[in-house]
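J.: sequence-free structure coming up:
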């Protein structure tokens, strides 16, 4: 459900921004859980792009603001603090370097993801200098944006997989590895000393495995625990 809200009061020298849509979405990114309220700002002069990205990032823990009026960017960045800013590299009447400077001054804790329909070496280098989190070219696939946002927020410790999703992903990684080794479930049961039924439940994501059981499974699959969880993270 979306609602209108007035932004926090900016500095006196800046005209206050107009109300901006805020969304606390449901659906999408359902396999992830926010550690608290995550505040995201989307800056794009095309309101339809703002709506599109906002819809992609469906998670109950996200509070998403969109701003499509470039003249209000500075005032808005001086107000509410954000964890993540997704911005178009080219905003009419503004220079990307200036926006990056405003972000450094007023949003020092925010990560920045840049999207652009006009990629160039110059803009890529500008983003590198500004230490943006990543640079995405339009048009992008929905999963590209979702995965990028997930990686960014996970790296900040703000987002984690739900217990159910973690079980399912872990089970899928174990199953894929076992099948890649052409090992039957019975053979893995024999190698690990873990019952066939319990292994089956783990692979289906219907049961959690203890650390000891995971250690035995890793030995049977010829991998260590770090490799297992790296594979889980990569698959998420």
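T.: Received the coordinates, thanks. A quick note: this is a predicted structure, and the numbers were derived from the prediction, not measured. Numbers count the residues shown, from 1 in each chain.

J.: In the protein, which helix is the longest?
T.: helix 163-180 (DSSP state H).

J.: Show me what that helix is packed against.
T.: Packed against helix 163-180, as judged by 3 or more CB pairs under 8 Å, 6 or more residues apart in numbering; DSSP states H and E, are the following elements: helix 196-203, helix 211-221, helix 225-235. To be clear about C-beta, it is placed using only N, CA and C from the backbone, and glycine gets the same treatment.

J.: List the buried residues for the second one?
T.: Neighbour counts over helix 211-221 (16 or more other CB atoms under 10 Å) mark 213-214, 216-218, 220-221 as buried.

J.: for the last one, same thing?
T.: The neighbour-count criterion (16+ other CB under 10 Å) identifies 228, 231-232 as the buried residues of helix 225-235.

J.: that older thread, now tabulate the buried residues of helix 211-221 in JSON lines and tack on pLDDT.
T.: What follows is those, written out as JSON lines (pLDDT from 0 to 100):
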{"residue": "213", "pLDDT": "93"}
{"residue": "214", "pLDDT": "92"}
{"residue": "216", "pLDDT": "93"}
{"residue": "217", "pLDDT": "94"}
{"residue": "218", "pLDDT": "93"}
{"residue": "220", "pLDDT": "94"}
{"residue": "221", "pLDDT": "94"}
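
J.: Where does the prediction get shaky in the chain?
T.: For the chain, the stretches with pLDDT under 70 are 1-30, 59-60, 235-236.

J.: can you rerun that using 50?
T.: Filtered on pLDDT under 50, the chain yields the residue ranges 1-28.

J.: how close does the residue minimising distance to the centre of it get to residue 113?
T.: By CA atoms, centre = their mean, the chain has its centre lying nearest to residue 150, at 1.8 Å. For residue 150, the distance to residue 113 equals 12 Å [CB to CB, to the nearest Å].

J.: before we move on, back to that, among the helices and strands packed on helix 163-180, single out whichever gets nearest to residue 144.
T.: Relative to residue 144, the nearest member of the helices and strands packed on helix 163-180 by CB to CB is helix 225-235, separated by 15.3 Å.

J.: okay, the angle between that closest one and helix 163-180?
T.: Here the directions of helix 225-235 and helix 163-180 differ by 110 degrees (axes from the mean of the first three to the mean of the last three CA atoms, to 10 degrees).

J.: what helices or strands is helix 225-235 leaning on?
T.: helix 163-180, helix 211-221.

J.: Residue 192 is nearest to which of those helices?
T.: helix 211-221 (4.1 Å).

J.: other SSEs contacting that closest one?
T.: Taking 3+ CB pairs under 8 Å, 6+ apart as the contact cut, helix 211-221 packs with helix 163-180, helix 185-192, helix 196-203, helix 225-235.

J.: Kindly reformat these as a markdown table containing distance to residue 57.
T.: Formatted as a markdown table, the entries for the helices and strands packed on helix 211-221 read as follows, by distance: least, CB to CB, whole Å:
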| stretch | distance to residue 57 |
| --- | --- |
| helix 163-180 | 17 |
| helix 185-192 | 38 |
| helix 196-203 | 31 |
| helix 225-235 | 20 |
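
J.: Many thanks, have a good one.
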